[in-house]
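J.: pasting the structure only:
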């Protein structure tokens with residue numbers, strides 16, 4: 001394998017990539033920024049300050065360090081573009097959402113842009129993306145999105161972002177029309193206890209069944225519960241397809257199970273009948 005082929009293998013996880021002629025050799029350009037190349041039969045990599053040096057040590061480590069240098073410079077440039085609010089600001093916001101290491105400050109920046117006439121819609125979208133990437137958001141994000149739900153122009157974007165945030169930062173949503181319909185949880189689970197008041201405030205119906213480990217014919221019992229949830233939350237459309245009826249309250253069952261919840265997954269999972277997914281410590285069924 002030639003030196004250039006080794007470099008190509010080392011940068012394979014990055015993209016989009018372009019090879020350009022530079023310094024009398026070949027340099028790999030990562031989304032507009034050169035960061036590694038082969039010149040005079042030697043691998044060179046970017047270093048802080050815009051310079052280059054020969055790669056030393058493990059090639060993959062050298063490439064990763066060079067990519068980190070470029071990325072740090074890109075983050076600074078993207079923030080400048082976002083502040084300028086020009087044509088590059090859209091792409092800059094998306095790039096920051098994926099790459100900015102200062103996640104809390106980025107969220108505050110996005111919250112400040114929600115009412116921006118040009119960038120507001122994308123700011124809502126990026127908050128949802130952040131929740132999906134990181135699995136968490138700042139405490140002020142959800143209340144701020146809820147404040148905007150009744151806004152005639154921004155409400156639809158706030159609702160979409162709120163859904164993304166809730167789905168990606170909670171193991172399940174007892175206060176929403178959502179999967180799963182049946183949840184196996186340890187007795188006295190703190191997450192269930194936290195969500196029960198939210199469900200009550202939203203008008204959702206949550207039935208907690210204690211000592212589910214003592215129930216006979218557990219599979220048939222859970223199938224009947226899922227059917228009940230479907231009957232109570234869905235309505236047939238003109239073509240006979242069952243759809244969630246937003247006029248009906250959300251409905252969920254929580255089965256407290258004092259035992260090995262993970263072991264229930266193969267018992268209950270049947271793609272033609274029940275879908276059961278174990279996400280420790282919960283088993284979600286629909």
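T.: It's in. As the structure is a prediction and not an experimental result, all values here were calculated from the model.
J.: Which of the three states applies to the residue nearest to residue 201 when sequence neighbours are not counted?
T.: Using Cβ to Cβ, 6 or more residues apart in numbering and skipping residues adjacent in sequence, the residue nearest residue 201 is residue 175, 7.3 Å away. From N, CA and C alone the C-beta is placed, and that goes for glycine too. Here residue 175 is recorded as coil under DSSP: H, G, I helix; E, B strand; the rest coil.
J.: Now the phi/psi pair for residue 175, please.
T.: phi -100, psi 10 (degrees, to the nearest 10).
J.: How about residue 137?
T.: phi -140, psi 170.
J.: what residues are up against residue 262?
T.: 278, 280, 283 (Cβ atoms under 8 Å, 6 or more residues apart in numbering).
J.: ok, of these, which come out buried?
T.: Neighbour-count burial (16 or more other Cβ atoms under 10 Å) applied to these gives 278, 283.
J.: now the contacts of residue 262 as CSV including distance to residue 66 and pLDDT?
T.: Formatted as CSV, these follow (distance: Cβ to Cβ, whole Å; pLDDT from 0 to 100):
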residue, distance to residue 66, pLDDT
278, 41, 98
280, 38, 97
283, 45, 98
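J.: what's the spacing between the most far-flung residue of the chain relative to its centre and residue 111?
T.: For the chain, the residue at maximal distance from the C-alpha centroid (Cα atoms, centre = their mean) is residue 40, at 43.8 Å. Distance, residue 40 to residue 111, by Cβ to Cβ, to the nearest Å: 50 Å.
J.: model confidence over the lengthiest helix in the chain, on average?
T.: Using DSSP state H to define each element, the chain has its longest helix at helix 59-84. Helix 59-84 shows a mean pLDDT of 94.
J.: Over to stretch 228-241?
T.: Stretch 228-241 comes out at a mean pLDDT of 94.
J.: quick check: domain ranges of the chain?
T.: 3-72, 85-169, 182-285 (automatic domain parsing).
J.: Output these as CSV; include the columns distance to residue 79.
T.: Below are the domains of the chain laid out as CSV (distance: least, Cβ to Cβ, whole Å):
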stretch, distance to residue 79
domain 3-72, 11
domain 85-169, 7
domain 182-285, 35
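J.: For residue 78, which of the ones you listed is the nearest?
T.: Shortest distance between residue 78 and those, using Cβ to Cβ, is found for domain 85-169: 3.9 Å.
J.: Tell me the secondary structure at residue 263.
T.: Once three-state DSSP is applied, residue 263 turns out helix.
J.: Near it, how many other residues are there?
T.: 10 (other Cβ atoms under 10 Å).
J.: so what's it scoring on pLDDT?
T.: The model's pLDDT for residue 263 equals 97.
J.: What are the boundaries of the strands in this structure?
T.: Using DSSP state E, the strands found in the chain span residues 17-22, 25-30, 33-39, 42-46, 52-54, 182-185, 205-209, 234-236, 242-244, 251-256, 276-279, 282-285.
J.: So in that sheet, which strands flank the third one, and in what orientation?
T.: Applying DSSP bridges to the sheet, strand 33-39 is found paired with strand 25-30 (antiparallel), strand 42-46 (antiparallel).
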